[in-house]
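Visitor: what follows is a predicted structure for the sequence shown.
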Amino acid sequence: MTACIISIRPQPDADLDVAALARRNVRALACPLMAPTYLSSAVDLDVTGCAGVIFTSRHAVEGFVNRMTGTAWQALTAYCVGRATARRAAQAGFTRIMTGQGGGRGLAPLIRDDTPAMLAPLLWPSAAQISFDMVAELAPDIDVRRVPVYEMNPVNSLSPLVLEALQESQLGGVIMMSARSASLFHDALDAAGFAGERRNITVIAGSQAIADAAGDEWKDCLIARRPTRARLLAIASLLYHRRLT
């Protein structure tokens with residue numbers, strides 16, 4: 001087996017990362033460590049009087065749409081954390097979409113600069129567990145109402161192909177875009193008996209906080225200057241072609 005890089009993001013993101021890396025001649029594997037469960041409710045989310053909706057993941061768009069009826073909400077502004085989330089919002093029917101870069105922190109300035117956001121509250125359909133608080137980030141200038149619409153649940157085990165790569169010490173890098181998934185991967189290695197393999201693996205992290213959550217003893221830790229998917233994939237490609245092949 002040749003060296004590989006894995007993406008531990010939830011599906012479909014992990015598969016999309018693998019496909020993007022394959023186009024760069026990088027051997028990659030999907031190993032999602034979390035999967036979404038959408039929270040149900042007997043009533044629609046209340047968007048009365050809101051100027052827009054903040055989406056910090058495509059799962060949030062899905063959870064929001066699952067809770068809505070009619071089409072009036074499609075006229076609201078959708079503030080989206082990145083292009084993949086924006087595409088899902090467009091598919092849902094939103095017609096005014098504003099797209100940020102660099103995670104929730106990168107989306108906040110775009111929201112502040114948009115006049116409608118200053119005039120009425122914004123709804124934030126979010127995960128049940130959050131690593132970045134948009135409510136606090138935009139307070140006191142902008143009123144943000146957070147409503148959890150999904151939760152990310154841990155996947156119980158590493159995939160067979162990833163276990164095979166670990167057995168042969170061919171897992172060269174891991175893409176991490178959330179602190180929770182970083183912590184889960186650290187613990188999954190311990191649970192599978194591969195704690196010692198950390199010395200052979202390079203962490204590719206979206207931020208210092210994510211790197212901190214991954215713990216110590218890794219071969220190396222490469223932190224993106226901005227927490228965008230494009231930057232992490234570029235780092236992964238360079239790592240693969242310069243160090244792993």
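Guide: Done, it's in.
Visitor: going forward, measure contacts and count neighbours with C-alpha atoms only.
Guide: Noted.
Visitor: what's the helix ranked longest in the chain packed up against?
Guide: Determined from DSSP state H, the single longest helix within the chain is helix 179-191. Secondary-structure packing of helix 179-191 (3 or more C-alpha pairs under 8 Å, 6 or more residues apart in numbering; DSSP states H and E): helix 208-214.
Visitor: and the helix or strand just after the helix it packs on, which residues are buried?
Guide: Beyond helix 208-214 on the C-terminal side, the first helix or strand identified by DSSP states H and E is strand 220-223. Buried residues in strand 220-223, defined by neighbour count with 16 or more other C-alpha atoms under 10 Å: C221, L222, I223.
Visitor: now the helix-or-strand element of the chain with minimal mean pLDDT: buried residues?
Guide: The weakest-scoring helix or strand in the chain, judged by mean pLDDT, DSSP states H and E, is helix 115-119 (a mean of 85). Neighbour-count burial for helix 115-119 flags A117 (criterion: 16+ other C-alpha under 10 Å).
Visitor: first-to-last residue distance for stretch 106-119?
Guide: Using C-alpha to C-alpha, to the nearest Å, one end of stretch 106-119 lies 21 Å from the other.
Visitor: grab the most central residue of this structure for me.
Guide: Note on the chain: the residue nearest the mean C-alpha position is M177, at 5.5 Å, using C-alpha atoms, centre = their mean.
Visitor: what sits against the closest residue in space to it that isn't next to it in sequence?
Guide: Ranked by C-alpha to C-alpha, 6 or more residues apart in numbering and with sequence neighbours excluded, the top spatial neighbour of M177 is G206, at 5.1 Å. With contact set as C-alpha atoms under 8 Å, 6 or more residues apart in numbering, G206 has these partners: M176, M177, S178, I223, A224, R225, R226, P227, T228, L232.
Visitor: how about the one helix or strand the last one maps to: buried residues?
Guide: Translated: L232. Counting by DSSP H and E, the element that carries L232 is helix 229-239. By neighbour count on 16+ other C-alpha under 10 Å, the buried set for helix 229-239 is R229, R231, L232, L233, I235, A236, S237, L239.
Visitor: V65: which of those is nearest?
Guide: Using C-alpha to C-alpha, R229 comes nearest to V65 of these, at 24.2 Å.
Visitor: give me the distance between the closest one and S7.
Guide: Distance, R229 to S7, using C-alpha to C-alpha: 11 Å.
Visitor: do the same with P125
Guide: Relative to S7, and taking C-alpha to C-alpha, P125 is found at 25 Å.
Visitor: swap in D143?
Guide: As judged by C-alpha to C-alpha, D143 and S7 stand 35 Å apart.
Visitor: just N66 next, same as before
Guide: Look at N66 and S7: by C-alpha to C-alpha, they are 27 Å apart.
Visitor: who's more crowded, the two?
Guide: Each of N66 and S7 has its neighbours counted (other C-alpha atoms under 10 Å); S7 has more, 26 against 16.
Visitor: generate a ChimeraX selection restricted to the buried entries among the contacts of G206.
Guide: Buried subset of the contacts of G206, written as a ChimeraX selection, criterion 16+ other C-alpha under 10 Å:
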select :176,177,178,223,224,226,227,228,232
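Visitor: now for A108: which residues touch it?
Guide: A108 is in contact with M134, E137, L138, counting by C-alpha under 8 Å, 6+ apart.
Visitor: if you set the cut-off to 7 Å instead, what comes out?
Guide: Neighbour list for A108: L138 [criterion: C-alpha atoms under 7 Å, 6 or more residues apart in numbering].
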